[in-house]
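Model the following, please.
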Amino acid sequence: MKINTVLGIILIAIHSFGFGAPDLLPATERTVSFSIETKYDKKKTFQKVVLWSVKTFANSNESIKLKDPEIGVLIAKGNLSCSALKLGNGYGSNQIVEFTLEITVEAKKAEVKITDIVGKSPGSYDDASRPSNKEELEKTKKECLDPYVELIKKELN
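Okay, the predicted model is just below:
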């Protein structure tokens, strides 16, 4: 009984004094935005965005939260495996990067915003501790999101 009490106190102390998992960067900093120039009108650009999303997301019906061709907006929830967020101790597997994708389409242009970027351990729903600093965000962007972005650009050109 004493051992459980002591372990409980140690765990509370670790959590209280910040020795546990790092805090996430603020949501406003966990964002990537960019523009893509296209050669298509708004309708055709939107059709290409929808086609890309259907090919990209395993279950597009589940992933796509909003698809409005009239206003030219597609919003989806996505995730991908990412070695950039592998646990620092060398153990464990890649982390899953979850994000919200918003694509706004105009004639000859698409504005892409990736927000709510969060790294989680596979199978965990509450282990959202990464990216915790700008270096992790940049590494995540470079190693995980940039290849993803290239696929969007390729589809729209």
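
Poorly predicted segments of this protein, please.
Filtered on pLDDT under 70, the chain yields the residue ranges 1-24, 84-94, 121-130.

and with 80 instead?
When residues are selected by pLDDT under 80, those of the chain lie in 1-30, 58, 60, 81-96, 119-133, 136, 148.

Strands along that one, start to end?
Ranges of strands in the chain, per DSSP state E, are 32-37, 64-68, 73-82, 95-106, 109-120.

As CSV, those strands with distance to residue 139 and mean neighbour count would be great.
In short, each C-beta sits where N, CA and C put it, glycine included. Shown next, in CSV, are the strands of the chain (distance: least, C-beta to C-beta, whole Å; neighbours: other C-beta atoms under 10 Å):
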stretch, distance to residue 139, mean neighbour count
strand 32-37, 13, 13
strand 64-68, 27, 13
strand 73-82, 9, 17
strand 95-106, 11, 21
strand 109-120, 10, 20
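
Pairing partners for the residue minimising distance to the centre of the chain in the sheet, please.
In the chain, the residue lying closest to the centroid (C-alpha atoms, centre = their mean) is residue 99, at 2.7 Å. Beta bridges link residue 99 to residue 78 when assigned by DSSP bridges.

That one and residue 76: what is the separation?
9 Å (C-beta to C-beta, to the nearest Å).

So residue 36 is in contact with residue 108, correct?
No. With contacts counted by C-beta atoms under 8 Å, residue 36 stays clear of residue 108, the gap being 9.7 Å.

Pull the contacting residues for the residue nearest to the centre of the chain.
77, 78, 79, 114, 115, 116, 117, 118, 145 (C-beta atoms under 8 Å, 6 or more residues apart in numbering).

one more time with 6 Å
78, 114, 116, 117 (C-beta atoms under 6 Å, 6 or more residues apart in numbering).

Now those in JSON lines, please, with extra columns for distance to residue 40.
Formatted as JSON lines, the contacts of residue 99 follow (distance: C-beta to C-beta, whole Å):
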{"residue": "78", "distance to residue 40": "23"}
{"residue": "114", "distance to residue 40": "22"}
{"residue": "116", "distance to residue 40": "28"}
{"residue": "117", "distance to residue 40": "28"}
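
Which residues are in contact with the residue lying closest to residue 69 once chain neighbours are set aside?
Once flanking residues are discounted, residue 69 sits nearest to residue 46: 5.0 Å by C-beta to C-beta, 6 or more residues apart in numbering. By C-beta under 6 Å, 6+ apart, the contact list for residue 46 reads 69, 72, 105.
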